[in-house]
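Peer 1: any chance you could fold what I've pasted below:
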Amino acid sequence: MKTTSLDLFVFADALGWEQVRKREFMTDLFPCRSRCETLLGYSCTCDPSILTGCLPSEHGHFSFFVDGREERPFRSLGLLGSIPETLAAQHRVRNVVSRRVAQAKGYTGYFQLYSVPFSKLPWLDYTEKRDIYEPGGILGGQPTIFQHWKDSGIPWVRSDWRQNDENNVAHLKSEIEKGGVRLAYLFTAGLDAAMHAHGTTGAKVDEAFARFEKWLREIQELAGRNYETVRWHLFSDHGMTDTVQVSGMMPEFEELKLEYGRDYTAVWDSTMLRLWFKGGAAVRREVASWLLVHGEGRILSEQMLRDNGCYFPDGRYGEMIYLLNNGVIFAPSYMNQRRVPGMHGFDPAEADSAACWLTSEPCADPPRRIEQIFQVMHRAMKNLQRT
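Peer 2: From the prediction side, this is the model:
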């Protein structure tokens, strides 16, 4: 016997509106489709917004590494700075060290050292120490949609972000086959990985899209056998931009006669430089003057940060933030040593930055910006409670 209905929410990391539009992606299954504005920042900014319905300035998440003002958990790791750079930069070494640090510190959230120089780690702190998908994981204390679903008593299921897409799809299929769940959240990251590695076009990316579509159609066929009604909602956190230029500003900046940890602290994200000025106003002026002569980006105004819900009065994520122009990335940076073909984290107003919102039937109040996706997931729960 079929279950009455299933509300299925599919998160597709980096499936931007431009890719959906250009590829005419699955127009038959998702006839209702629209652009959904993203926020300034990366997935660590956007995902907590989707899960809580709050802006970064409210939920407290914006970027991973920050100046260790209150806590410096990596003090002892400065000794790793003596490791030759050719060895320290290897992904295998980084992954091993990251796993051991996370275990030693008891971190349950996503943790990766990326390419942060070991010599700079003693001055830094990390923000996502707890799993944002579990109770207590959001820095601002807000409950996620999954806590609401759990409290509702309605049978539900979600993916494990630690698992690969194939495993998460298989898990969802097994739950749909049982026919008991009424709310489901599928987490996928394969498109994001493919476009980072290859850009937004090409055979490898086409293969990733074809594989994703195949999974969705398999889920569609299975759900149709076990549910009378299946309401599909497919969305992303941001889009993806092809890299058109690489900025070598980081090594140039480090040639200035400023001492890291004494005069300033900095985090070089892929598309943003975030700075704290321990040396005071004089150092701030010197750095600002240096940045202004580089045409790769701009210093963000307080108003721009406020408009994007990313203004933190205490400067916890940077007392100054420099954002690169669309398609330009830092390489080397604290995220990557070399050019990455595809990247996100640019100005949200850029066309390639926009996320997408696709549904199988009209949505009463479609989200205009990604934090509003929470309300649709919450409303689906409330509708089921009334039936």
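Peer 1: so what's the closest residue to Q372 other than its chain neighbours up against?
Peer 2: Distance criterion CB to CB, 6 or more residues apart in numbering; nearest residue to Q372, sequence neighbours excluded, is G53 at 7.2 Å. From N, CA and C alone the C-beta is placed, and that goes for glycine too. Shown in contact with G53 (CB atoms under 8 Å, 6 or more residues apart in numbering): Q142, I145, E371, Q372, I373, F374, Q375, H378.
Peer 1: what do you get for E361?
Peer 2: C32, R231.
Peer 1: G179 is in contact with G224, isn't it?
Peer 2: No: G179 lies out of contact with G224 (CB atoms under 8 Å); the separation is 11.6 Å.
Peer 1: ok, the two, which is more surrounded?
Peer 2: Taking neighbours as other CB atoms under 10 Å, G179 and G224 compare with G179 leading, 17 against 14.
Peer 1: let me know the pLDDT of the more buried one.
Peer 2: pLDDT, the model's per-residue confidence, is 92 for G179.
Peer 1: now swap in the one 4 residues further on and tell me
Peer 2: Taken from the predicted model, the pLDDT recorded for L183 is 98.
Peer 1: measure it to R217 for me?
Peer 2: Taking CB to CB, to the nearest Å as the measure, L183 falls 21 Å from R217.
Peer 1: cool, Y227 as well?
Peer 2: In terms of CB to CB, Y227 sits 16 Å off from R217.
Peer 1: who has more neighbours out of those two?
Peer 2: More crowded of Y227 and R217, by other CB under 10 Å: Y227, with 20 against 13.
Peer 1: how many neighbours does the closest residue to that one other than its chain neighbours have?
Peer 2: Leaving aside its sequence neighbours, Y227 sits nearest to L6 (CB to CB, 6+ apart; 4.5 Å). Neighbours of L6 under the rule other CB under 10 Å: 23.
Peer 1: helix/strand/coil for L6?
Peer 2: strand (DSSP: H, G, I helix; E, B strand; the rest coil).
Peer 1: dump the residue contacts of it.
Peer 2: By CB under 8 Å, 6+ apart, the residues touching L6 are I176, V181, R182, L183, A184, A223, N226, Y227, T229, V230, R231.
Peer 1: now list the buried members of the residues you listed.
Peer 2: Buried by 16 or more other CB atoms under 10 Å: I176, V181, R182, L183, A184, A223, N226, Y227, V230, R231, out of the contacts of L6.
Peer 1: that older thread, out of the contacts of L6, which are inside helices?
Peer 2: I176, A223, N226 (DSSP state H).
Peer 1: the first one reaches Q220, doesn't it?
Peer 2: No: with contacts counted by CB under 8 Å, I176 stays clear of Q220, the gap being 10.1 Å.
Peer 1: identify, from the contacts of L6, the entry nearest to S43.
Peer 2: Checking the contacts of L6 against S43 with CB to CB, the nearest one is A184 at 20.8 Å.
Peer 1: quick one: that closest one and V10, what's the gap?
Peer 2: Distance from A184 to V10, by CB to CB: 9 Å.
Peer 1: which residue is nearest the centroid of the chain?
Peer 2: S43 (0.7 Å; CA atoms, centre = their mean).
Peer 1: how far away is that one from G279?
Peer 2: Counting by CB to CB - S43 and G279 are separated by 32 Å.
Peer 1: and the contacts of G53, which is closest to G248?
Peer 2: E371 (35.0 Å).
Peer 1: what count of nearby residues applies to the closest residue to that closest one other than its chain neighbours?
Peer 2: Spatial nearest neighbour of E371, chain neighbours left out: S49 (4.1 Å); criterion: CB to CB, 6+ apart. When neighbours are counted by other CB under 10 Å, S49 registers 25.
Peer 1: what of V328?
Peer 2: Each residue near V328 was counted by other CB under 10 Å, and the total is 22.
Peer 1: distance of it relative to D192?
Peer 2: V328 sits 19 Å away from D192, taking CB to CB as the criterion.
Peer 1: quick one, what contacts S247?
Peer 2: Contacts of S247 (CB under 8 Å, 6+ apart): H294, E296, G297, L324, V328, I329, F330, A331.
Peer 1: which parts of the stretch 251-387 of the chain are helices?
Peer 2: With DSSP state H, counting those that start in this stretch, the ranges of helices along the stretch 251-387 of the chain come out as 281-292, 302-307, 373-386.
Peer 1: which neighbouring elements make contact with the first one?
Peer 2: Right, the one you point to is helix 281-292. Using 3 or more CB pairs under 8 Å, 6 or more residues apart in numbering; DSSP states H and E as the contact test, the elements touching helix 281-292 are strand 297-299, strand 320-324.
Peer 1: if we go to 10 Å?
Peer 2: Counting contacts by 3 or more CB pairs under 10 Å, 6 or more residues apart in numbering; DSSP states H and E, helix 281-292 is packed against helix 249-253, strand 272-276, strand 297-299, strand 320-324.
Peer 1: T271 is in contact with Q245, correct?
Peer 2: No: the pair Q245 / T271 is not scored as a contact, 11.4 Å apart, by CB atoms under 10 Å.
Peer 1: quick one: which of the two has more around it?
Peer 2: T271 (28 against 13).
Peer 1: from F374, how far out is the nearest residue to the more buried one once chain neighbours are set aside?
Peer 2: Closest residue to T271 apart from its sequence neighbours, by CB to CB, 6+ apart: G345 at 4.1 Å. Distance of G345 to F374, given as CB to CB: 22 Å.
Peer 1: same check on W17?
Peer 2: For W17 relative to F374 (CB to CB), the value is 19 Å.
Peer 1: same deal with K214?
Peer 2: Relative to F374, and taking CB to CB, K214 is found at 29 Å.
Peer 1: those two: who's more crowded?
Peer 2: In terms of neighbours (other CB under 10 Å), F374 is the more surrounded of K214 and F374; the figures are 20 against 11.
Peer 1: and the residue lying closest to N226 once chain neighbours are set aside, how far from L172?
Peer 2: Leaving aside its chain neighbours, N226 sits nearest to G179 (4.2 Å; criterion: CB to CB, 6+ apart). Counting by CB to CB, the separation of G179 from L172 is 13 Å.
Peer 1: thanks a lot, catch you later.
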